[in-house]
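Enquirer: sequence isn't available, so here's the structure alone:
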């Protein structure tokens, strides 16, 4: 059974395992809005649990925008959940505020001991495009160039080369003439999940945006999953790809989680209209699977998370989805 709700659309999702069960977190908005395009600024975060990623028990809303005025009083978008060494769970999420009409995105931080009741750490704000490395990002919105000041979709993981933590996020680089060549995978580091240092992006180019990044390793090779739309392919990427532009999920490849990263050949999981978006790769006892929400475009928007599909790695390192039959 898909991860779905009768009265709400569901889209971006992220997952954590507590040692016994999967916890799924997702963006949700009331279907009473009528138009699925209105969901982004009428959003909260939902929570469900599962033993198999197929049958879900819904726990209800676990985070929503803060009371006004606040830096995140308009949106609480896509995030990442990890557990600290002390057993406390940490949620990193995207926030936007009414003072800037929700157009400036920043990264927030909340903690929990039960994985459902989240409390913001201080004001919740933990990372912005500030400091010496902000010069590598579009730190101020370029009106008319891109529709927002991008800093969203944080993905947090332990640093495999040390005792700290790494964060990847969707961003844009400055000073690039072609709007679809300035998408970036932003990067930050932390020793303790509380103090974060903005670093230069680990990847820039090829697409106008690389949304919902997720970094993982298979047999010594590193992958960065992301999603993007057909209208956000750069002219160079259209020439290199060998396939026509589609909307969906693709990936970067590297020998280290810090890069350098390159775009994989072709395209992993795309279609027009988009079939599945904002995918995540999960390690299960039966192997890797990929999950994302059913899109279908505005006129046929699915608004639920599709059942997991097996994700395989070919001999040359390319990823592919194993379809039944």
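Expert: Nice, thanks for sending it over. Quick caveat: nothing in here was measured; it's all calculated off a predicted structure.

Enquirer: all contacts plus neighbour counts: C-alpha atoms, from now on.
Expert: OK.

Enquirer: which residues in the stretch 151-300 of the chain form helices?
Expert: In the stretch 151-300 of the chain, helices defined by DSSP state H, counting those that start in this stretch lie at 235-241, listed in chain order.

Enquirer: stretch 196-204: how far from the chain's middle?
Expert: 16 Å (Cα atoms, centre = their mean, to the nearest Å).

Enquirer: chain center to whatever helix or strand residue 57 lives in, what's the gap?
Expert: Using DSSP states H and E, residue 57 falls within strand 56-63. Centroid separation for strand 56-63 versus its chain: 19 Å, with Cα atoms, centre = their mean.

Enquirer: contact partners of it?
Expert: With Cα atoms under 8 Å, 6 or more residues apart in numbering as the test, strand 56-63 has contacts from 1, 3, 44-50, 76, 116-118.

Enquirer: so how far is stretch 236-250 from its chain's centroid?
Expert: The chain centroid and the centroid of stretch 236-250 are separated by 20 Å under Cα atoms, centre = their mean.

Enquirer: swap that for stretch 293-311, please
Expert: Chain-centre distance of stretch 293-311: 15 Å, with Cα atoms, centre = their mean.

Enquirer: now that stretch: buried residues?
Expert: 293-296, 301-311 (16 or more other Cα atoms under 10 Å).

Enquirer: out of the residues you listed, who's nearest residue 273?
Expert: Residue 273 lies nearest to residue 296 out of the buried residues of stretch 293-311, by Cα to Cα, at 5.4 Å.

Enquirer: what about the residue lying closest to residue 283 once chain neighbours are set aside, neighbour count?
Expert: Leaving aside its sequence neighbours, residue 283 sits nearest to residue 289 (Cα to Cα, 6 or more residues apart in numbering; 6.7 Å). Neighbour count for residue 289, taken as other Cα atoms under 10 Å: 20.

Enquirer: what is residue 289 paired to in the beta sheet?
Expert: Using DSSP bridges, the bridge partners assigned to residue 289 are residue 282, residue 310.

Enquirer: what sits against it?
Expert: Counting by Cα under 8 Å, 6+ apart, residue 289 touches 281-283, 308-311.

Enquirer: ok so, going back, which among the contacts of strand 56-63 end up buried?
Expert: Going by neighbour count (16+ other Cα under 10 Å), the contacts of strand 56-63 have 3, 44-50, 76, 116, 118 buried.

Enquirer: which one of those is nearest to residue 257?
Expert: Nearest to residue 257 among the buried ones among the contacts of strand 56-63, counting by Cα to Cα, is residue 76 at 26.8 Å.

Enquirer: next helix or strand past the helix or strand harbouring that closest one?
Expert: Counting by DSSP H and E, the element that carries residue 76 is strand 75-83. As assigned by DSSP H and E, the chain's next helix or strand after strand 75-83 is strand 89-96.

Enquirer: next, the angle from that next one to strand 75-83.
Expert: Orientation check (axes from the mean of the first three to the mean of the last three Cα atoms, to 10 degrees): strand 89-96 against strand 75-83 gives 160 degrees.

Enquirer: on contacts alone, who are the packing partners of strand 89-96?
Expert: Taking 3 or more Cα pairs under 8 Å, 6 or more residues apart in numbering; DSSP states H and E as contact, the helices and strands that strand 89-96 lies on are strand 75-83, strand 105-112, strand 151-158.

Enquirer: so how far is residue 282 from the residue nearest to residue 283?
Expert: Separation of residue 289 from residue 282 (Cα to Cα, to the nearest Å): 5 Å.
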